[in-house]
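Peer 1: I would like the atomic coordinates for the input below:
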Amino acid sequence: MLSNVVITLVLLITTAFILKKWLTLPHNIFLLFIIQPLVMASSPVIVFIGGILSSELTTDKSLATLPITLMIVGVATAAIPAAMLAKKLGRKTATLFGFSLGLIGCTLAMIATQIASFTLFSLAALSLGFCAAFVQQLRFAAIESTKNQEDVPSMLSVLMLSGIFSAFLGPEIAVTAKDWISSPHGYTGSFAFIAVLLVIAMIIFTQFDGAKPIINTGKRSGRAMKDIIKQPIFIIAMLSAAIGFALMSYLMTATPISMHHMHGHSLLDTKWVIQSHIAAMFVPSLFTGWLVKKIGLKHLMLIGTLLYAVVAVIAYSGMQVIHYWWALLLLGVGWNFLFLTGTSLLPRSYHEDEKHKVQAFNDFVIFGCQASASLLAGVVLYQFGWAGVVTSSLPFIVILLLLSIKYYRQKAL
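Peer 2: Model (predicted):
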């Protein structure tokens, strides 16, 4: 219902002002807290309806998750250009350019849903992925806006917390505005609504105090990447985020199709599970900043990994709504812990003049892994069922566990 969308937006703004007063947030992070959910809402829409809508648009059901995959491919392929544009043009100009790519994606999606074109819808998802690459760079903008590096996990937690609003905005907009504009299978109105949110976000972002672009002096910037990626701290930071993100995307992408198309659960139940999952990705950010100060990143990473193992056990236990709900809920919490760990550790691996290229490489790997996982999700699901999806995730959970143990034993890290 539209009232749910309005309530969510009011709560977003109210929460932002409360946090600004309570935590004395820097101006930039206050703005990012409001802006990020408005732009990120497009991703839950694609995740929620991408597979369902694509099943109506294409006869090859194994390709149903292709738009979701292309969205993530867009994030991966645009990761390096997004970071390099931020270096050349500054965070502010580069981000506004990225948001404009989101507007293009929404426009293509509106046309695609009007003419029932799977190809055009896939291109729309790709363009929205390009936009999301610039959104992902906002976490680095938050790090750069934090004066005390010890406060980085706390500021990242605050920024990640705003994602809970996109968790509710995206699916609610998808359902609420589905038939606002007549189309063969619906959802034109949903993407029109997202486009309006993007325009609002761009207007607000004009108030962002962006760092000046780095002037190219012709000198080589810092160490070579081959030297940077050899560092244990970099390996742990990147792999914890990359594997955590890939596994999360793998299971999340398969869930709506498995629930709704294969096992007959209602669209509302499917929406509830996806919303709960995305909320669980960000709600822990209410306390993860405090948790890091109490137990440290090492314990946080280990707990996140163990949660992924519990997810596998629950997913094996059955395919009722409650099984999907618990599995996806814990999957979201585990992702939060792993992604926060990776993002917080990454700045320890580079010097100031190396940050853009390291951030670019890091995001390229993370979202490249995520794209591969989401593409495989549809193939594995239709070939081997839900149990096959869960089974194929086990080796990567083991790798995460070994990585967590290695980090835990590193005294210098």
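
Peer 1: output the below-cut-off pLDDT ranges for the stretch 101-250 of the chain.
Peer 2: Scanning the stretch 101-250 of the chain for pLDDT under 70 picks out 211-221.

Peer 1: tell me which stretches of it form helices.
Peer 2: 118-136, 138-144, 152-161, 163-176, 188-205, 225-228, 232-256 (DSSP state H, counting those that start in this stretch).

Peer 1: pretty sure Pro153 is touching Ser344, no?
Peer 2: Yes - with contacts defined as C-beta atoms under 8 Å, Pro153 counts as touching Ser344 at a distance of 4.8 Å. For glycine as for every other residue, the C-beta is placed from the backbone atoms N, C-alpha and C.

Peer 1: overlap in contacts, the two.
Peer 2: Val292, Leu297 (C-beta atoms under 8 Å, 6 or more residues apart in numbering).

Peer 1: would TSV of the helices of the stretch 101-250 of the chain with distance to Leu53 and mean neighbour count be doable?
Peer 2: Formatted as TSV, the helices of the stretch 101-250 of the chain follow (distance: least, C-beta to C-beta, whole Å; neighbours: other C-beta atoms under 10 Å):
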stretch	distance to Leu53	mean neighbour count
helix 118-136	7	24
helix 138-144	28	22
helix 152-161	28	23
helix 163-176	9	25
helix 188-205	10	20
helix 225-228	39	13
helix 232-256	10	24
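
Peer 1: to Leu400, which of the ones you listed lies closest?
Peer 2: helix 232-256 (5.3 Å; C-beta to C-beta).

Peer 1: helix or strand right after that closest one?
Peer 2: With elements assigned by DSSP states H and E, the helix or strand that comes after helix 232-256 is helix 267-282.

Peer 1: shaky segments in the stretch 251-400 of the chain?
Peer 2: Looking at the stretch 251-400 of the chain by pLDDT under 70, you get an empty list.

Peer 1: just the helices in it please.
Peer 2: 267-282, 285-317, 321-345, 355-409.

Peer 1: highest mean neighbour count out of these?
Peer 2: helix 321-345 (a mean of 23; mean count of other C-beta atoms under 10 Å).

Peer 1: which helices and strands does it pack with?
Peer 2: Where contact means 3 or more C-beta pairs under 8 Å, 6 or more residues apart in numbering; DSSP states H and E, helix 321-345 is packed against helix 152-161, helix 232-256, helix 267-282, helix 285-317.

Peer 1: distance to Gly98 added to those, as CSV?
Peer 2: What follows is the helices and strands packed on helix 321-345, written out as CSV (distance: least, C-beta to C-beta, whole Å):
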stretch, distance to Gly98
helix 152-161, 17
helix 232-256, 19
helix 267-282, 21
helix 285-317, 23
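
Peer 1: of the ones you listed, which is nearest Trp335?
Peer 2: helix 232-256 (4.3 Å).
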